[in-house]
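K.L.:
here's my sequence, what's the structure:
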Amino acid sequence: MAARQVDERTRQLQAASTALVTKHAEDPKQDIIEERRRATFDSKELCYYLNGGKDKVERRAQFAAVLAKTPWGNKTNQYFYTREEEYVHGLRCALGIWQKMQADKLTMDDGLMMRVLADSPGGLELHIGMFMPTILSQGDPEQQAKWLPPCLNLQIIGTYAQTELGHGTFVRGLETTATYDSSTQEFIIHSPTLTSTKWWPGGMGKTATHAIVMARLILNGKDHGPHAFIVQLRRLEDHLPMPGVTVGDIGPKFGFGGVDNGYMSMDHVRIPRLNMMMRFAKVTPEGQYIPPPPANSKASYATMLFVRADIVKNSGGILSKAVTIATRYAAVRRQTAPGPGQRELQVLDYQNVANTLLGLISSAYACWFMGQNMQQRYHKFEEDRDKGVFTDLPELHALSSGCKATCTAITADGIEIARRTCGGHGYSQLSGLPRLFASYVQNVTWEGDNNVLYLQTARFMLKALLAGKSGKSVSGSSAYLGAGALQAELNSKCSAKCPDCWADPSLALAALRHRAAHLTVKGAQLLQQKSGGGQLKFEGQAWNSCTVAQIALAKAHTEMVLLQTFMETLQQARAEGSLAPATLAVLGRCCTLFGLGLVEAGAADLLEAGWMGSKCLWSADLWIILLNDDRVASCISTCTTAAVDMHPVA
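P.N.:
Numbers count the residues shown, from 1 in each chain. Here you go, the predicted model:
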C-alpha cells in the first residue's frame, strides 16, 4: 500500500503536541536494560547452576534456534489454533522431534529437552510420561525387551488408564477387574459398571493403540487389589477399536486442548497372562499369586510416585515463566507521575507490586529446588528398590504427596496472581499467561486431588507422632516428632528481639517447624476424641470428621520442608563453591522472604501455640517490608534474565 502523504501545515501543527508528549516519554527497552545493568551478580552463573551446567544451557539454546525454524516448532500461531488444529500441531511437533532424534542420533534427554522447548503437548504426553516409565519401573526384563522397542519406534503408542468415571485418587476403589482364567492363561479385563469407565487418560481419545490399565486382580474369587496390565485398544492396521473395547474422546476441556483425553470401557476383553506387569507381583500359569516383598507391597504405585515427583520438579519452572512475564511487564510499564513534570513511575516501583512479584520469585526458587530434591529422592528409591531395600518408601510417598499438593497450589495461584499484576494486558492470550494458567491448573487435581494427597501425608505424620510417643525412632522430615525432640519443640519460643533477627531464615524455619509440630499434636488430639478416646482411627467417620485439621498439619509440614530444602540447597552450594558469594546473597534474601511469607500466612497458628507474641510478629512483618522497600535490583535481574534463560522460548 502506498505511503500516506501528510501536508506540511498539518505536520507543523502536530509537532508542538508531539514534543509535549515525548518530553517525558520513556523507552521501555531502555528500562529493561537498566534493570539488568543494576544486577549485583552474574545471572549467567545462576542460569548454569539451575540448569545443570553451561553445556546444557548452550545445547538447549541451539535446539531452541533449530525448533524456531521448523513449521512444527514455530510458535507464531499457537494462540490462534482451533482445538483440532492444536491437536494436529501437537502430533506434528512430537513426530518432528522423534524424526530429528532418529536423523541426528540424539539422546532421550535431547528429545525431552526439545519437548519442553516446543511446549506443544499432544497425544504422546502419557506415552512418554507414564506408559514407558511404567514398563521400565514395573515390567520384568522380558516384558521390557518386548514392549520398549516398539514404544521407542512409535510402532505402538501408549497411555495410562487409572482414573475412572467414579474413582480417581482412591485407587483401591477402582472397579475395573482383571479375572484370571488358568485354562487359557489369560486375564479377562472387564468394566462391570458405568462408573468403572476409564476417564481422562491423555492420548486415549484418538491417538493411543495400547494402555497400561489399572485393574483389580481377581484370582479364584479373591481380590488382590489394583495391578497394572497392558491392554491393546486399537488395531494397528486401521486404528479401529479392538473387539470389546469402547473408546473415544471426552470433548473440550478448560485448557490443554492439544491433548486428546479419552474414555474407555471393556467388555470381557481377554489378554495374555504376560501382559500383567510382573517385576514385583506375579501370577503363575496355574493362577498362584506371588506378592511383592512386604516392604514394597505398593510397588504398583511406583508410577504415581514418579509422576508426582516430576510434577513437583516442573512447578518451579512453570511459575518462573509466569513471574518472568509479569516482572518484565512491571519493569517496562510506567503508571502515574509523582508530581508535575516528573517521570511516571515504573509499576515495579510500587511497594504492593514489588511485594507480590518478589514473593512469587522466591516461591519459584523454592519449588525449583524442591523439585530437584524430589527427583534425587526418587532416583535413590529406584536404586534401593533394585537392591530390595524399601525403607524410604513411606517417606517418599508422604513427601511426594504433600509437596505435589503444596507446589502445584503455589504455582497455580501464582500464575493467576502474576496475570493480575499485568492489568488488562494479562487478559490477552498474547501475554502467554491465560494459556499457561489453563494448561497448568489441572495439576491441582490430576494424579491426586491436592486435599486427598494432604490427607495421605497427614496419616504419615500422625503415625510418626505415635511412633515417637511409643519410644520408636523417628527420622527423616518428621524427626521433630520423635519422643525427645517433640517435647523440646513444643516448649520452644521465638527468639527474635528485633526485625533484623529475621534476616536469618533459620528463625523462620524454627517457626514453621513449631507450627507443624503444634498442628500435628492438635490433629492427633482431635482424631483421638473423634475415635472415642482410644486408638486413632484412620478411616471411617472418625477420620472424615476431622479432615480440615489433618489437611492443615500436612500443609504446615510440607511448607516447612520447602523452606528447609531451600536453605540446605544454598548451604550445599556454598560448601561446594558452586555459586559466587554475590549470587548466594541474592538467593539468601529470596530464601528469607519465602520463609517470612509462610510465617506471616501461618501467624494465627503460631500465636495460638504461644510460640510468638504480637511484638515478634510485628518484627517479622517489618522485615518483609524492609526487603520489599530495598527491592533488590539483582532480584529483578534474576527474574528477567536467569528465569527467562531457563525457558528460552517461554
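
K.L.:
how much space between Leu579 and Thr82?
P.N.:
As for Leu579, its distance to Thr82 is 46 Å (criterion: C-beta to C-beta, to the nearest Å). (Each C-beta comes from the backbone N, C-alpha and C, glycine too.)

K.L.:
okay, those two: which has more neighbours?
P.N.:
Neighbour count, other C-beta atoms under 10 Å: between Leu579 and Thr82, Leu579 has more, with 21 against 9.

K.L.:
list the contacts of the more buried one.
P.N.:
Glu45, Leu46, Tyr49, Ala573, Leu587 (C-beta atoms under 8 Å, 6 or more residues apart in numbering).

K.L.:
the first one belongs to a helix?
P.N.:
So the one you mean is Glu45. Yes - checked against DSSP: H, G, I helix; E, B strand; the rest coil, Glu45 lies within a helix.

K.L.:
give me the neighbour count for it.
P.N.:
When counting by other C-beta under 10 Å, one arrives at 16 neighbours for Glu45.

K.L.:
and Ala516, by the same measure?
P.N.:
Ala516 is flanked by 28 other residues according to other C-beta under 10 Å.

K.L.:
element containing it?
P.N.:
helix 505-530 (DSSP states H and E).

K.L.:
what residues of that helix count as buried?
P.N.:
505, 507-524, 526-528, 530 (16 or more other C-beta atoms under 10 Å).

K.L.:
C-terminal to that helix, what's the next element?
P.N.:
helix 540-544.

K.L.:
what's the model's confidence in the very next helix or strand once past that next one, averaged?
P.N.:
Toward the C-terminus, helix 540-544 is succeeded by helix 547-576 as the next helix or strand (DSSP H and E). In this model, helix 547-576 carries a mean pLDDT of 97.

K.L.:
what helices or strands is helix 547-576 leaning on?
P.N.:
If you count contacts as 3 or more C-beta pairs under 8 Å, 6 or more residues apart in numbering; DSSP states H and E, helix 547-576 packs onto helix 351-386, helix 393-421, helix 450-469, helix 505-530, helix 581-601.

K.L.:
run the angle between that helix and helix 393-421 for me.
P.N.:
90 degrees (axes from the mean of the first three to the mean of the last three C-alpha atoms, to 10 degrees).

K.L.:
which parts of helix 547-576 are buried?
P.N.:
For helix 547-576, by 16+ other C-beta under 10 Å, it's 547, 549-567, 569-570, 573.

K.L.:
do stretch 416-435 as well
P.N.:
Residues of stretch 416-435 classed as buried by neighbour count (16+ other C-beta under 10 Å): Glu416, Ile417, Ala418, Arg419, Thr421, Cys422, Gly426, Ser431, Gly432, Leu433, Pro434, Arg435.

K.L.:
and if you look at stretch 146-156?
P.N.:
Within stretch 146-156, the residues scored as buried using 16+ other C-beta under 10 Å are Trp147, Cys151, Ile156.

K.L.:
which ones among the residues you listed lie within helices?
P.N.:
Residues of those located in helices (DSSP state H): Trp147, Cys151.

K.L.:
closest to Gln375 out of the buried residues of stretch 146-156?
P.N.:
Closest to Gln375 out of those is Cys151 (22.3 Å), distances taken as C-beta to C-beta.

K.L.:
I figured that closest one hits Met132, correct?
P.N.:
Yes - assessed by C-beta atoms under 8 Å, Cys151 is found in contact with Met132 at 5.2 Å.

K.L.:
okay, and the common contacts of the two?
P.N.:
Gly158.

K.L.:
got the contact list for Ser401?
P.N.:
Contact analysis of Ser401 by C-beta under 8 Å, 6+ apart lists Arg308, Gly448, Leu453, Tyr454, Gln456, Thr457.

K.L.:
against Ala178, how distant is it?
P.N.:
On the measure of C-beta to C-beta, Ser401 and Ala178 end up 26 Å apart.

K.L.:
so which of the buried residues of stretch 146-156 is the closest to Glu600?
P.N.:
Cys151 (48.2 Å).

K.L.:
centre of the chain to whatever helix or strand Asp31 lives in, how far?
P.N.:
Following DSSP H and E, one finds Asp31 within helix 28-37. Between the centre of helix 28-37 and the centre of its chain there are 32 Å (C-alpha atoms, centre = their mean, to the nearest Å).
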